[in-house]
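A.B. asks: Pasting the sequence and the predicted coordinates here, then a few questions.
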Amino acid sequence: MLKVFAPLRLFGLIVLLFCSAQTFAQNFSPVFTETKPGSALGAGFDYGVNSSSVNVKFFNTFYRGNFIDNDLKESVFKQTKDKNRLGFDLNYGIWYVHNPDSISGKTMSWFVSLRNRQHADALFTGDLFKTYFAGNKQFAGQTAHLGETRFNYLNYRQLQLGMSFLSDKGDSKVRFGAGLSFLKGEQNLNLFLSKGDVFTAIDGEYIDIDMALEIRNSDNSNKKFFDMKGYGAALDLFLGIERQKSVIRFELSDFGFIDWNQNAQSIHNDTSLHFEGLSIDNLFQIGDSLVNSLNADSIKTDMGFITEDLSYSTPLPSMIHLGYTHKTKENLFINAGFAYRMAANYSPYIYIGTEHKFKGSFDINTRFAWGGYGTYNIGLGLSKEFGKAFKINLGTNNLEGLLITKAANGVGAYINLIGYF
């Protein structure tokens, strides 16, 4: 009799079992910062992926389904720490702003926007990453610590209505704005591995697992566009103070939640397991009974998972953003700021940069930042106005990811098209 014990991909397998059915550009919202008198219609797209340890080359190889060689794995293994972060954002939509001409130094503007939002973030241990991509043989005689791992995925559509008020007193301008959003939830997945200790015997004869895992998953049965899987609301607030040579802006965005309907599920367990592998009499005669015993449902049952239907709420990855701009010369500005996302496994994001205005309504801005989901970030943006009717903004907050894919941990881009009438 031959005892077969494959390298452990256990926790990676768990994630894949439940997920297989399945950039944030840190800039102020244009619905608050677009201040030209008249009407403006814009369309925007941005995406970004960043990590504190996983490099861009690994991202690209994994996403395309290409072979990940040992050299590429090792380049990430060397960077992993006890706690590692990863984040992804994809946003696109349209918006409209109407700014009336000033009357007695005071104006009231209004806006509407429609967007599709996708967000994912993770906090994971280095041991989990190494176990999933290289097996548990490396931990023979040791305990791999996979716990305190979190993963969130959220996809929703957003209809936003709002107003802003401008007070112009000559030497200073103050703008306050607020927006209220109705949210249509499309999909959500929350995973929290609060405890995950895996001990591998030095001779590979057995594994001891001590784990506590909860997975919450939104309703996946409704596939039609107008089916309501979840609904929610969000609040945006903006305050801008502009003086002769300086501007201070504060924005709170996406402060809200989504309630998921009663067809959502919770799958959870808290158990200890002793696993000694599978016994196979003949490698060349593996019967259907063995294959069928390895399906997702049987694995969940054997590991003590309990599945129940429930409705639950998910907080949005809301952001606080504080920025300061100082005019040093006629066409040169210095920008600095701080941003933080709540309920999103995010670290404080700090940046400093420049904006240079050239003749012909052409601007170049640069940025050096630290934090967020990654480490260092280099940004480059271009802006061009075509007469008084059209403007384009494009750029990246992760220029390094386009140039040095094996050394950089983030990549992304954004583009905004604005028409005036």
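C.D. replies: Great, that's in hand. Numbers count the residues shown, from 1 in each chain.
A.B. asks: list the buried ones in stretch 360-375?
C.D. replies: Neighbour counts using 16 or more other Cβ atoms under 10 Å place 363, 365-367, 369, 371-375 of stretch 360-375 among the buried residues. In short, each C-beta sits where N, CA and C put it, glycine included.
A.B. asks: Helices of the stretch 51-200 of the chain, start to end?
C.D. replies: When assigned using DSSP state H, counting those that start in this stretch, the helices of the stretch 51-200 of the chain occupy the ranges 56-64, 70-77, 126-134.
A.B. asks: How far away from the center of its chain is the last one?
C.D. replies: Shown here is helix 126-134, whose average C-alpha point lies 21 Å from the average C-alpha point of the whole chain (Cα atoms, centre = their mean, to the nearest Å).
A.B. asks: Quick check: bridge partners of the residue nearest to N397 when sequence neighbours are not counted?
C.D. replies: Of all residues beyond its chain neighbours, the one nearest N397 is G379 (4.3 Å), with distances taken as Cβ to Cβ, 6 or more residues apart in numbering. With DSSP bridges applied, the residues forming beta bridges to G379 are R367.
A.B. asks: Touching, G379 and A369? I think so.
C.D. replies: Yes. Counting by Cβ atoms under 8 Å, A369 is a contact partner of G379 at 6.7 Å.
A.B. asks: okay, and the common contacts of those two?
C.D. replies: Residues touching both G379 and A369 (Cβ atoms under 8 Å, 6 or more residues apart in numbering): 351, 353, 397.
A.B. asks: Who wins on neighbours among the residues you listed?
C.D. replies: N397 (30 neighbours; other Cβ atoms under 10 Å).
A.B. asks: how about that one, phi and psi?
C.D. replies: phi -100, psi 0 (degrees, to the nearest 10).
A.B. asks: One more: T80?
C.D. replies: Dihedral angles (degrees, to the nearest 10) for T80: phi -70, psi 150.
A.B. asks: What's the local residue count around it?
C.D. replies: Other residues lying near T80 total 19 when counted by other Cβ under 10 Å.
A.B. asks: nearest spatial neighbour of it, skipping sequence neighbours?
C.D. replies: Residue nearest to T80 in three dimensions, not counting chain neighbours: G126, with 3.4 Å by Cβ to Cβ, 6+ apart.
A.B. asks: what's stretch 348-355 in contact with?
C.D. replies: 26, 325, 332-340, 363-372, 377, 379.
A.B. asks: List the beta-bridge partners for the most centrally placed residue in the chain.
C.D. replies: To find the centre residue of the chain, average its C-alpha atoms and take the closest one (Cα atoms, centre = their mean): that gives F88, at 3.3 Å. According to DSSP bridges, the partner residues bridging F88 are V49, A120.
A.B. asks: Tell me which residues touch the closest residue to T307 other than its chain neighbours, please.
C.D. replies: Of all residues not flanking T307 in the chain, I267 sits nearest, at 5.0 Å (Cβ to Cβ, 6+ apart). Residues touching I267, when contacts are defined by Cβ under 8 Å, 6+ apart, comprise 18, 214-217, 300, 305-307.
A.B. asks: Would you quantify the distance from I267 to M211?
C.D. replies: As defined by Cβ to Cβ, to the nearest Å, I267 lies at a distance of 13 Å from M211.
A.B. asks: that older thread, which one of the buried residues of stretch 360-375 is nearest Y96?
C.D. replies: D363 (23.2 Å; Cβ to Cβ).
A.B. asks: Go through the host helix or strand of D236 and flag the buried ones.
C.D. replies: Using DSSP states H and E, D236 maps to strand 230-242. Judged by neighbour count using 16+ other Cβ under 10 Å, the buried positions of strand 230-242 are 230, 232, 234-240, 242.
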